[in-house]
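Novice: Sequence and predicted model, in that order:
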Amino acid sequence: MAELEVEIVAADHFVWSGPARMVKARTSDGEIGILPGHSPLLAILAEGELAIEPVDGARIAVTVDGGFFSVDSDRVVIVADNARLESSAGTANAGIR
């Protein structure tokens, strides 16, 4: 099964990285859902919640204050001004720091 490689960093710290089935976010143009095979994208991230469905474990929620959202070749990179991990369930196999 195809998967996304997701990395989330804030301006001053690493937030989360790992394989995921889906990422949902709010951009300046509206909500977006990313699945494997999505076309390349660069967007301005709006304030709100990111939802990540990791390959292993429960849904992960991250609150962000804005930033950038990039998708290319099944790799999602989110650079947020400020980010806070809201849910840590199912993160034993993920790169949370």
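Specialist: The structure has been received and is ready for your questions.

Novice: Could you give the bridge partners of Gly30?
Specialist: Gly30 has these beta-bridge partners by DSSP bridges: Thr27.

Novice: Next, work out how far apart it and Glu7 are.
Specialist: Distance, Gly30 to Glu7, using CB to CB, to the nearest Å: 23 Å. The C-beta positions use only the backbone N, C-alpha and C, and glycine is treated the same way.

Novice: Neighbour count: the two, which is higher?
Specialist: Glu7 (16 against 8; other CB atoms under 10 Å).

Novice: Contact partners for that one?
Specialist: Taking CB atoms under 8 Å, 6 or more residues apart in numbering, we find Glu7 in contact with 16-17, 75-78.

Novice: Max pairwise distance over those: which two?
Specialist: By the measure CB to CB, Trp16 and Arg75 form the most distant pair in those, at 14.2 Å.

Novice: okay, the two: which has more neighbours?
Specialist: Ranked by neighbour count (other CB under 10 Å), Trp16 and Arg75 place Trp16 first, with 23 against 12.

Novice: Tell me which other helices or strands whichever helix or strand the more buried one is part of touches.
Specialist: Following DSSP states H and E, one finds Trp16 within strand 14-27. Helices and strands touching strand 14-27, by 3 or more CB pairs under 8 Å, 6 or more residues apart in numbering; DSSP states H and E, are strand 4-10, strand 30-34, strand 41-45, strand 48-54, strand 60-64, strand 75-80, strand 83-85.
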